[in-house]
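1. Structure for the following, please:
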Amino acid sequence: MERGSIPFVVRGDLTCSANFTFDWGDWGIRISRPTYRVKVYGENPTSQEDEPLVNVHFHELTGETVFPGEIELPERSKRGIELALRAIEIWADFLCLANGNPKIQVEIQLPVQAIIVAKRELRADDLTRWAELVSYHASLSEPEKTQVENALWWYRKGCAAIKYSLFNGYTAYWNCLEILCGVSGSKIRKGEQVDAKIQEYLENKRKVKTKHIVHCYNAFVNYSIKAQVEDALRDLLGAEQGERWAFYCFSVQPSKDQLYQIRNDINHGNIRENNRDDYERVYLRGLLLRWLIFQILNKKLGRAVGLGKQDNIDILVNDILDYPK
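-> Take a look at the predicted model:
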């Protein structure tokens, strides 16, 4: 390999007045100030190709700017390219979080080229915030670090998808929540304590029926998504706040307003995005879901991230959900 770096561009409705360098582990990411596309056309009164142009006009196309960038390879090999491309994605994930949830897309093209599309101003304080978030992330254990990376990938996908589909964005945010809560579809409870509970339940039954087996499985063995999220929320946010958010996710009435039920309704096609009531309900609950994700990220990264002030979201929560006092 002749080069020890991969060039890429950041493209979109951005403004940037200076060059930036991101120092990150084995990688150095450099972004130059933007170059603007210019349209040039000329007027020829005789319409003959061999005649010189009388007037030439230059128009700057400010609707789209292009930031040249470059990321260093940790090693000059295929593995080095794979690691660098992965690093660009993680960099974009944290930039999305630091910049205030813009649409940022990473496209890999051949020959190797990454195109990152964003719709927000890139400011110096965004980069400071990015550096702080990455620093906290680097201090996590390897399992926690991987968990946050996987969750933020879905978070950024949600920020991009929501520009075109509110429902797709909501689904991505719920995936983010499940990852942060460590949800696995194959988890079951087992051991002596579980066996004892089953034995205690069945010992007074004259005849064991199908409904008893189903109850034993659902109550004692199956560690459902609901139970996993509820336990994780209590561990992450404390008993009081965890119980409150578990209520929003699984217990609020009517059931159609439960955050988890909305996710199921979207996945199963039970609600429509072009229905005004469905759209409004998903929009409002989507704000709550994103705020819950921010609360968990606060705990994971040790850094306040979110939509705005806590008081504002509390007002929204109290207005649209009936939480028992």
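2. after the helix or strand residue 263 falls within, next one along is what?
-> Element membership for residue 263, per DSSP states H and E: helix 259-267. On the C-terminal side of helix 259-267, the closest following helix or strand by DSSP H and E is helix 276-301.
3. by contact count, what packs against that following helix?
-> helix 124-138, helix 142-161, helix 166-180, helix 225-237, helix 239-250, helix 259-267, helix 310-320 (3 or more C-beta pairs under 8 Å, 6 or more residues apart in numbering; DSSP states H and E). In short, each C-beta sits where N, CA and C put it, glycine included.
4. Next one: residue 236 from residue 96, what distance?
-> 22 Å (C-beta to C-beta, to the nearest Å).
5. Please apply the same query to residue 181.
-> According to C-beta to C-beta, residue 181 stands 21 Å off from residue 96.
6. More neighbours: which of those two?
-> Neighbours were counted for residue 181 and for residue 96 using other C-beta atoms under 10 Å; residue 96 has more, 24 against 21.
7. Surely residue 289 touches residue 171?
-> No: using C-beta atoms under 8 Å, residue 289 makes no contact with residue 171, being 10.3 Å away.
8. Looking at these two, which one has more neighbours?
-> Taking other C-beta under 10 Å, residue 289 and residue 171 do not tie; residue 289 has more neighbours (25 against 19).
9. Now residue 5: phi and psi?
-> Per-residue torsions, residue 5: phi -150, psi 170 (degrees, to the nearest 10).
10. Who are the contact partners of it?
-> 70-73, 84 (C-beta atoms under 8 Å, 6 or more residues apart in numbering).
11. switch the cut-off to 10 Å
-> By C-beta atoms under 10 Å, 6 or more residues apart in numbering, the residues touching residue 5 are 27-30, 69-73, 76, 84.
12. what sits opposite it in the beta ladder?
-> Beta bridges link residue 5 to residue 72 when assigned by DSSP bridges.
13. ok, now how distant is residue 251 from residue 226?
-> Distance of residue 251 to residue 226, computed by C-beta to C-beta: 9 Å.
14. which residues do these two both contact?
-> By C-beta under 10 Å, 6+ apart, residue 251 and residue 226 have these common neighbours: 258, 260.
15. What confidence value was assigned to residue 38?
-> Reading off the confidence values, residue 38 has pLDDT 56.
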